[in-house]
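Enquirer: no sequence for this one, just the structure:
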């Protein structure tokens, strides 16, 4: 492993370490600040809408200037600065504005980081997965740590955990190195919209958006759901970590598995499995064994789905529009899809009374996505 690949792995660890606290426990933090489930869903929707604007703007600048690494550093700096304001404000709109800015700058990092990583590993899905799995390790460490600290110090400790992760992310970003991608004159011709409006990408992004819509209930209310079922914060952290451990396992074999089954069949498998996962939480959440099984399916719901999506975007957009392609994927799936999913989940949850209906709707979203995958024609499928 080269030094820069090791630094990339470390950057993923801190980036997703922040996510390991923010994603599962943000609902707990907001509940501790006195917000209702409707308000939590609305606030998360506002946050994720930031993914529609910020990543695309920064990616456009990165593709024009070739300074993706500089944009990573700017994003890390501004994400930390805006997050620190949360220590001094309260109320729906002050929290929403701070979180939206921090979330927007933070999510702008990954579309720049992914091309650097893919270029460093020369597009090899196996090598990419081995680097990316360190993000999963960071997620596990911080989800367990965050849950345990919440039990002892309360929900406000989330602010400290996230601030530490963002600070470490900022420091690691200044240690990274990146080679500028040189383009020949004929390579920069054409428009990204020819790629973005093509049938394969429209089908792909519809599927990935439905996947993220289905995750709205999980990201917003899983920790609260477990609390209502009588589990401690530490136990919830272990549940979440089990999912990410399964995710790490799939990352280790994702390259070979993707070469065997191809992009289309991989996405179809992930979507059907995700639909079943949410149905399990709706029907059998009182059975510990089935909660554990549902978390193991995270290997497909996120890990394999993400590795597959990265290969699709890398091949479909090529080096010419790599940053903007990554940003479109992040903003439309995690941003638009995620915001819709969070809003819908918040409206349906009803302080926990609507949990069954919420999980069933999430399962339906993933199931529809599985049906849409059938119309996908993957570019230069890795199985060919």
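Expert: Cool, got the structure. Since we're looking at a predicted model, the values are computed, not measured.

Enquirer: how about the strands in the stretch 201-350 of the chain?
Expert: With DSSP state E, counting those that start in this stretch as the criterion, the stretch 201-350 of the chain has no strands.

Enquirer: contacting residues around the nearest residue to residue 144 once chain neighbours are set aside?
Expert: Spatial nearest neighbour of residue 144, chain neighbours left out: residue 237 (4.3 Å); criterion: Cβ to Cβ, 6 or more residues apart in numbering. Backbone N, C-alpha and C define where each C-beta goes, glycine included. Taking Cβ atoms under 8 Å, 6 or more residues apart in numbering, we find residue 237 in contact with 24, 143, 144, 145, 146, 147, 148.

Enquirer: go on, residue 358?
Expert: The neighbourhood of residue 358, defined by Cβ under 8 Å, 6+ apart, consists of 217, 221, 345, 348, 349.

Enquirer: excluding chain neighbours, what is closest to it?
Expert: Among residues not flanking residue 358 along the chain, residue 348 sits closest, at 4.3 Å (Cβ to Cβ, 6+ apart).

Enquirer: ok, the one you found touching residue 359?
Expert: No. Assessed by Cβ atoms under 8 Å, residue 348 is found out of contact with residue 359, at 9.3 Å.

Enquirer: the stretch 251-384 of the chain: helices as residue ranges?
Expert: With helices called from DSSP state H, counting those that start in this stretch, the stretch 251-384 of the chain shows them at 288-296, 298, 305-317, 322-329, 338-349, 355-372.

Enquirer: out of these, which comes closest to residue 258?
Expert: helix 305-317 (6.0 Å; Cβ to Cβ).

Enquirer: between helix 355-372 and the closest one, find me the angle.
Expert: Here helix 305-317 points in a direction 40 degrees away from that of helix 355-372 (axes from the mean of the first three to the mean of the last three Cα atoms, to 10 degrees).

Enquirer: packing partners of helix 305-317?
Expert: The contact analysis (3 or more Cβ pairs under 8 Å, 6 or more residues apart in numbering; DSSP states H and E) places helix 305-317 against helix 109-120, helix 125-153, helix 192-196, helix 199-214, helix 233-283, helix 322-329.

Enquirer: hmm, 6 Å instead?
Expert: helix 233-283, helix 322-329 (3 or more Cβ pairs under 6 Å, 6 or more residues apart in numbering; DSSP states H and E).

Enquirer: least confident of the ones you listed, on average?
Expert: Among the helices and strands packed on helix 305-317, helix 322-329 carries the lowest mean pLDDT, at a mean of 79.

Enquirer: tilt between that one and helix 199-214?
Expert: 50 degrees.

Enquirer: ok now helix 322-329, how far from the chain's centre?
Expert: Put simply, helix 322-329 sits 14 Å off its chain's centre (Cα atoms, centre = their mean, to the nearest Å).

Enquirer: stretch 46-59 too?
Expert: Per Cα atoms, centre = their mean, the displacement of stretch 46-59 from the mean C-alpha position of its chain is 13 Å.

Enquirer: list the buried ones in it?
Expert: Residues of stretch 46-59 classed as buried by neighbour count (16 or more other Cβ atoms under 10 Å): 46, 47, 48, 49, 50, 51, 52, 54, 55, 56, 58, 59.

Enquirer: which stretch of helix or strand covers the second one?
Expert: Mapping residue 47 onto the secondary structure by DSSP states H and E places it in helix 37-65.
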